[in-house]
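show me the folded form of this:
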Amino acid sequence: MDKFKYYRFKNDDEKPDNSTILSNQLHKVTGHYSNDYIQPVINPGGDLCTILSDESEFKGHYGVCLVMIPFLEINFLEQIERELEDLTSQFGIEKIHFTDIYGSKQLKNRRDEFIAKYVNIVNQIPKSALFIGKNKEKLLLELNEVEISNEEIYFNLFWNILERVMAIPNTQNNIYHISFEQEYSLDGSLDSIADITFRKLYSGIDQLYERFTDKYISICKHPHFHSKTALLYSSLADLAVYVPNKIQQKIDSRVPKQKIMKNFKSELNLIKTTFQNFSGLGSNELIQIIDES
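Now for the predicted structure:
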């Protein structure tokens, strides 16, 4: 099953609602009816978006990102995937993983050439990124806990950052599909993978809607996820979590700003040129460093 790139688990708790024109139009575009969303789609005025999410741990510093892109028509998505496949083939790599690109000599002296071509491909799509990152000690203090699992850390950070999405102005009636990076081989137990994925999506959604009673936003109730071979989704999410988490750890460790800007010049420039809006990428210090890079 791992040969596929994009997946979803179905929550069949009710029959599809094909009783309205809006619901049928939505199904033609997304494959989902209006009641396939937590808060059913009832108004046509919102934007249709995909949110990509990934997680990172670096020296005890945990981060979660969200990358927001328009919902892509399948033929266009496949075109971008083919261009990225051609790019990886040209440079002799299988996946676009920035931990490897920056953390090893994978591309040797061709890294800058690869990055320039990568940016040219992915910048056919408008996108913005949000990030939240904290060290474990700070999280334990905030949550008044002695110990928590990595899964609980990531769940907490995920729902904290999704609150920022809900707070974005002019998003009334927006429709969101959330796609998570798939960490587990699908050759194993699908039941356990489904359990983790559903819990990730549902663990904080009621509290989210309770906090934002003035917002009507519809989130697809069928968890979507993608493998690392989904080159567009995987690379964008990996970039938006790997670089900010690494830089935020340096900031929290009191590494001087000028040293960070010098040592991570390429990474910072890549973030700045890839994401048209990076104002949600973590702390004010991190955003300032990216802006000045």
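
just give the nearest non-adjacent residue to Glu285, would you?
The shortest distance from Glu285 to any non-neighbouring residue, by C-beta to C-beta, 6 or more residues apart in numbering, is to Ile251 (5.1 Å). Yep, even glycine has a C-beta here, placed from its N, CA and C like the rest.

same deal with Met68?
Met68 sits nearest to Ser128 (C-beta to C-beta, 6+ apart), 5.0 Å away.

so what's the backbone phi/psi at Lys221?
Backbone torsions of Lys221, given as degrees, to the nearest 10, read phi -90, psi 0.

and it, how far from Tyr62?
27 Å (C-beta to C-beta, to the nearest Å).

ok, back up a step: quickly list what the residue nearest to Met68 is bridged to.
Beta-bridge pairing of Ser128, defined through DSSP bridges, involves Met68, Asn277.

residues near it, how many?
The burial count assigned to Ser128 is 17, neighbours taken as other C-beta atoms under 10 Å.

offset the numbering so it begins at 10, please.
Yep, numbering from 10; the last one is Ser137 now.

in contact with it, which residues?
Val76, Met77, Phe284, Gln285, Asn286, Phe287, Ser288, Gly289 (C-beta atoms under 8 Å, 6 or more residues apart in numbering).

need the contact list for the residue nearest to Glu294.
Ile260 neighbours (C-beta under 8 Å, 6+ apart): Ile269, Ser292, Glu294, Leu295, Ile298.

which pLDDT does the model give the second one?
The predicted local confidence for Ser292 comes out at a pLDDT of 86.

do the first one as well
Ile269 is assigned 96 on the pLDDT scale.

I'd guess it is in a helix, am I close?
Yes: assessed by DSSP: H, G, I helix; E, B strand; the rest coil, Ile269 belongs to a helix.

got the buried residues for the strand or helix carrying Gly72?
Per DSSP states H and E: Gly72 is located in strand 70-79. Buried residues in strand 70-79, counted by 16 or more other C-beta atoms under 10 Å: His70, Tyr71, Gly72, Val73, Cys74, Leu75, Val76, Met77, Ile78.

follow-up on the earlier one: quick check, nearest of the contacts of Ser137 to Tyr127?
Phe284 (13.2 Å; C-beta to C-beta).

I'd like the average pLDDT over the strand holding Gly72.
So the average pLDDT for strand 70-79 ends up being 95.
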